[in-house]
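In: Predicted model follows, preceded by the sequence.
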2 protein chains.
Amino acid sequence: MIDDEATRSNVIEAADRLFYSRGIQAVGMDAVRNEAGISLKKLYSAFGSKDVLLNEVLHYRGRQWDDGIAAASAAARTPRDKLLAIYDFLNGWFRQDDFRGCAFINSFGELGSISPEIAKAAREQKSSFQRYVSSLVAEAGGPPSLAAQLAILAEGAQTTAAISGTPDAAAHARAAAVTLIDAAQPVSGAA
Amino acid sequence: MIDDEATRSNVIEAADRLFYSRGIQAVGMDAVRNEAGISLKKLYSAFGSKDVLLNEVLHYRGRQWDDGIAAASAAARTPRDKLLAIYDFLNGWFRQDDFRGCAFINSFGELGSISPEIAKAAREQKSSFQRYVSSLVAEAGGPPSLAAQLAILAEGAQTTAAISGTPDAAAHARAAAVTLIDAAQPVSGAA
DNA sequence: TACACTAGAGAACGTTCGTTCTCAGCGCAA
DNA sequence: TTGCGCTGAGAACGAACGTTCTCTAGTGTA
């Protein structure tokens, strides 16, 4: 059909909303069907199984993250500002009503030990983010270890914000990032 | 019975092993019964339901964490060394074969949005840890914001180590902590 | 010996869930 | 008009799970 792609993305977005807000195992395919407003038959003909659907949802989430980071860093000029833009992006995200932590961390915690697919998706998402941070750090002339530290700050901010229910962790992580970046580049930090 | 307490802790430890390694919803009460080696009847007479058992398991996990941190910091003399001992403790934990991330983060990701009890348990565990870090930072004469930053590093290290499958995050977090502590206390850092 | 009680093993029950099947309705070609 | 293929709604199926119930065997006691 012509609207094949429209149907798929409609289902993926509906499933993403449900999985993210309630967890994966807690959401039945029936709930996905209701949220997407299509029939079970169509749901299963578009995606062969819940596992397949979940995989596509995680890829969709990954793209959302990438787009968010890209948009946040677009305004920044220097690599340093692009790095700090990550925490500004987190700050805005943490303040959204439906924020409930990182979908990859949540999925990994829920099903990572039973589903190699999910473990792999989480691993790839996180390593992709680390590569992004690494490239910015390299551009800024910082050492590779700084990239690892900045990535850890971002991960920690996400779980802390999710569990505590407050967005404060973003500002704390940003302040720590400034300190770490400045400490790694004393030359550019001084005058 | 006299061995009532022994039965309870036996069940709690068995359930903890299973919940931690496979996730909560993926483990049935039948599996807990097998792992603990008791009858279903006794299991349900000791703990009224899976929810109750899970709650006790989380409290048990919390005590394990507290004990581990306490043991790791016992050898340290100064508040600064006690703070750094946190990351050494993480380093040892990440290297254990059965390491699969923080049980509270995992539980929160799996059931935090459906079960207020679990969300509360995770929140209390994390805020208890933050209070511990805060007290050490205060002892060391550092500002409260440093405590938040160090806690975020610890959280980020746990999720990073779990998802990446390597223990490297502990060393990165420790190095970042050293930088942050030194930057916050230029007086004691100099000399 | 007879009886009351306990405890263990697992069958059974009711529910939920992923997935498939049935069936009625509708458009469309001849 | 008639037959055909497609679609949507939801019933149905088989498995898994949390929880309860049943049955049996054993034990201590009078």
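Out: Now that the structure is in, tell me what you want to look at.

In: only C-alpha atoms for contact and neighbour calcs from this point on.
Out: Noted.

In: mind checking how far the residue nearest the centre of chain A is from chain B?
Out: Centroid-nearest residue in chain A: residue A:65, 4.5 Å away (criterion: C-alpha atoms, centre = their mean). Distance of residue A:65 to chain B, computed by C-alpha to the nearest C-alpha, to the nearest Å: 17 Å.

In: Report the secondary structure state of that residue.
Out: Secondary structure, DSSP: H, G, I helix; E, B strand; the rest coil: residue A:65 is helix.

In: check contacts around residue A:173.
Out: By C-alpha atoms under 8 Å, 6 or more residues apart in numbering or on different chains, the residues touching residue A:173 are A:87, A:153, A:154, A:157, B:149, B:152.

In: Which of those residues sits closest to residue A:119?
Out: Nearest to residue A:119 among the contacts of residue A:173 is residue A:154, at 19.3 Å by C-alpha to C-alpha.

In: you'd agree the closest one is up against residue A:87?
Out: Yes: Residue A:154 is within contact range of residue A:87, at 7.0 Å (criterion: C-alpha atoms under 8 Å).

In: got any residues that touch both of the two?
Out: A:170, A:173.

In: quick one: low-confidence ranges for chain A?
Out: The model of chain A has pLDDT under 70 over residues A:1-3, A:186-191.

In: Distance of the nearest residue to residue A:114 once chain neighbours are set aside relative to residue A:182?
Out: Computed as C-alpha to C-alpha, 6 or more residues apart in numbering or on different chains, the closest residue to residue A:114 that is not its neighbour in sequence is residue B:22, at 6.4 Å. Remark: distance between residue B:22 and residue A:182 (C-alpha to C-alpha, to the nearest Å) = 42 Å.

In: Then residue A:41?
Out: For residue A:41, the distance to residue A:182 equals 57 Å [C-alpha to C-alpha].

In: Next, the residue in chain A that DNA strand C sits nearest to: phi, psi?
Out: As assessed by C-alpha to the nearest atom of the strand, DNA strand C sits closest to residue A:28 within chain A, at 2.9 Å. As for residue A:28, its main-chain torsions (degrees, to the nearest 10) stand at phi -90, psi 160.

In: residues contacting it?
Out: No contacts exist for residue A:28 under C-alpha under 8 Å, 6+ apart.

In: list the contacts for the closest residue to chain B within chain A?
Out: Closest approach between chain A and chain B, counting by C-alpha to the nearest C-alpha: residue A:156, at 3.4 Å. Contacts for residue A:156 (C-alpha under 8 Å, 6+ apart) come out as B:152, B:153, B:154, B:155, B:156, B:157, B:159.
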